[in-house]
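Asker: give me a 3D structure for the following:
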Amino acid sequence: MTEFRGTTIVAVSRGGRVAVAGDGQVTMGNAVLKQTARKIRRLVDGRVVAGFAGSTADAFTLFEKFEAKLSEFRGNLRRAAVELAKDWRTDRILRRLEALMVVTDGKDVMILSGSGDVVEPDDGVVGIGSGGSYALAASRALLLHTELSAGEIAREAVRIASGICVFTNANISLEEIEAP
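Answerer: All right, here's what the predicted structure looks like:
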């Protein structure tokens, strides 16, 4: 998968909950444009949480398309994710969108990409964006060695990533969702 700079999103599953956290920094080249962006959204009346890394305009388009797929498939996350990934990969306009998405319904966690990837992690933890690998490593360590909640781990993982990745800041937004 392509790595997109300028954000960090992490999703952590623990104790029947999934927390999705992201930083607030938006960059253009080597300049910071915004410190307080919200890169995580609740969709379908709050039953799905999605986060994005990549171009902001592209992300808004993908959120809309994904929400339409969720409606079309009556909230079935897996089916909506596969169908969006197919469209994203094959549609002439959509395939030019540069972003990655993390989506969860509180039970399943997936990464979606424009190359048709729908990836479910083995351990319920994913990280995307320029600081995604740092946040992923921090999350896994915190899961193994602490009793912190999913939300506490996700928030701390992005904070740790912000100390390493210059494209990530510590203005963290977080959404948590319980398994249905």
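
Asker: helices of the chain, residue ranges please.
Answerer: 56-72, 77-90, 132-145, 150-162 (DSSP state H).

Asker: partner strands of the lowest-mean-pLDDT helix or strand in the chain, with direction?
Answerer: Every helix and strand of the chain was ranked by mean pLDDT, DSSP states H and E. The lowest is strand 26-28, at a mean of 84. If you go by DSSP bridges, strand 26-28 pairs up with strand 31-34 (antiparallel).

Asker: how about low-confidence regions in this protein?
Answerer: Residues of the chain meeting the criterion pLDDT under 70: 1-5.

Asker: check contacts around the spatially closest residue to Arg159 that is not a sequence neighbour.
Answerer: Nearest non-adjacent residue to Arg159, counting by CB to CB, 6 or more residues apart in numbering: Ala170, 5.4 Å away. C-beta: built from backbone N, CA, C; applies to glycine. Contact analysis of Ala170 by CB atoms under 8 Å, 6 or more residues apart in numbering lists Asp23, Val158, Arg159, Ser162, Gly163.

Asker: I'd assumed Ser71 was in contact with Arg79.
Answerer: No - applying CB atoms under 8 Å, one finds Arg79 not in contact with Ser71, separated by 11.7 Å.

Asker: if I look at the residue nearest to Arg159, how far off is Gln25?
Answerer: Plainly put, Ala170 is 9 Å away from Gln25 if you go by CB to CB, to the nearest Å.

Asker: try Ala31
Answerer: 11 Å.

Asker: tell me which of the two has more neighbours.
Answerer: Per other CB atoms under 10 Å, whichever of Ala31 and Gln25 has more neighbours is Gln25, with 25 against 7.

Asker: which residues are in contact with the more buried one?
Answerer: Gly6, Thr7, Val32, Lys34, Gln35, Ala37, Phe167, Thr168, Asn169, Asn171.

Asker: for ChimeraX, write a command that selects the buried ones of those residues.
Answerer: ChimeraX command restricting those to the buried ones, with burial defined by 16 or more other CB atoms under 10 Å:
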select :6,7,37,167,168,169,171
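
Asker: ok, the contacts of Gln25 vs Asp87, which is closest?
Answerer: Asp87 lies nearest to Thr7 out of the contacts of Gln25, by CB to CB, at 23.0 Å.

Asker: which residues does the nearest residue to Ile40 once chain neighbours are set aside form beta bridges with?
Answerer: Leaving aside its chain neighbours, Ile40 sits nearest to Gly51 (4.3 Å; criterion: CB to CB, 6+ apart). Taking DSSP bridges as the rule, Gly51 bridges to Ile40, Val102.
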